[in-house]
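need a structure here:
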Amino acid sequence: MAIRRITSARLAEPANGAFSNCLVVGDQIFVAGMTASGGPQGGPIGGSDPYQQSCAAIEKCQWMLEAAGASLKDVVKMTIYLTDIGHRAAFGRAREAYFQEPRPCSTLIEVKGLAQPGMLVEVDVTAIRGASASSV
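Numbering: from 1, shown residues only. Next comes the predicted model:
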C-alpha cells in the first residue's frame, strides 16, 4: 500500500514540508496535531478560551478528514495535549459537541507548552475511512 499525502484548501501545509498535515494508507487516515493557530493578528482562534481553541482544533481535523473522504464519525483514536489540565472540562464539552457515540478512544496529556505561544490545546486523530458505516 502506498502512503498518500492529503491537503486541504482550508488549511496551509507546514512550511518547507517539515511534516504532513494528513497521510492516508489504505483506509487509515492520520491527521497531525491541530491547534487554534490562525486567529487575529497571529494569535489563536478563540483567544485564551480553551473551549473555543478546542473547537478550532477539532474543526481543523474535520477539514483534513473531509479532504481524505472521511468525517469525524470515522475517528477511532484521538490524542489531546493541554497546557493546563484544568482545561479538561472545556475540552470535554468540545468533544461532546463534535463526536457522537461511540466516541473515539482517547489519550489526554498535560504538556508544558505547544509550538506556538498562546496555544492551549492540540489534537491529533486517527480515522478509518468508512468506519462509521460499519456496525460494531
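
From here on, just use CA atoms for contacts and neighbour counts.
Fine.

Confirm Gly92 sits in a strand?
No. Going by DSSP: H, G, I helix; E, B strand; the rest coil, the assignment for Gly92 is helix, not a strand.

now it: how far from Asn21?
24 Å (Cα to Cα, to the nearest Å).

Leu72 too?
16 Å.

now Arg4, which residues is it bridged with?
Beta-bridge partners recorded for Arg4 (DSSP bridges): Val24.

what's the answer for the one 4 residues further on, then?
In this structure, Ser8 has the following beta-bridge partners (DSSP bridges): Leu11.

And for it, the neighbour number?
Here the number of neighbours of Ser8 (other Cα atoms under 10 Å) works out to 16.

can you point me to the longest helix in the chain?
helix 50-67 (DSSP state H).

What strand or helix carries Thr107?
strand 105-110 (DSSP states H and E).

That strand - which strands sit beside it in the sheet, and in what orientation?
Strand pairing (DSSP bridges) places strand 105-110 next to strand 75-82 (parallel).

Buried residues of the partner strand, list them for me.
75-82 (16 or more other Cα atoms under 10 Å).

Ok, stretch 13-24 next?
13, 21-24.

now stretch 54-63
Burial within stretch 54-63, assessed by neighbour count using 16+ other Cα under 10 Å, is assigned to 54-63.

And it, how far out from the chain middle?
With Cα atoms, centre = their mean, to the nearest Å as the basis, stretch 54-63 stands 5 Å off its chain's centre.

contacting residues around that stretch?
8, 10-11, 31, 34-36, 45-46, 71-72, 90-91, 94, 98, 121-125 (Cα atoms under 8 Å, 6 or more residues apart in numbering).

From those residues, which land in strands?
31, 34, 121-125 (DSSP state E).

Throw the residues you listed into a markdown table and include distance to Ile109, thanks.
Formatted as a markdown table, the ones in strands among the contacts of stretch 54-63 follow (distance: Cα to Cα, whole Å):
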| residue | distance to Ile109 |
| --- | --- |
| Val31 | 17 |
| Met34 | 15 |
| Val121 | 10 |
| Glu122 | 10 |
| Val123 | 10 |
| Asp124 | 12 |
| Val125 | 14 |
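
Help me confirm that Leu72 comes into contact with Ala97.
No. Using Cα atoms under 8 Å, Leu72 makes no contact with Ala97, being 11.3 Å away.
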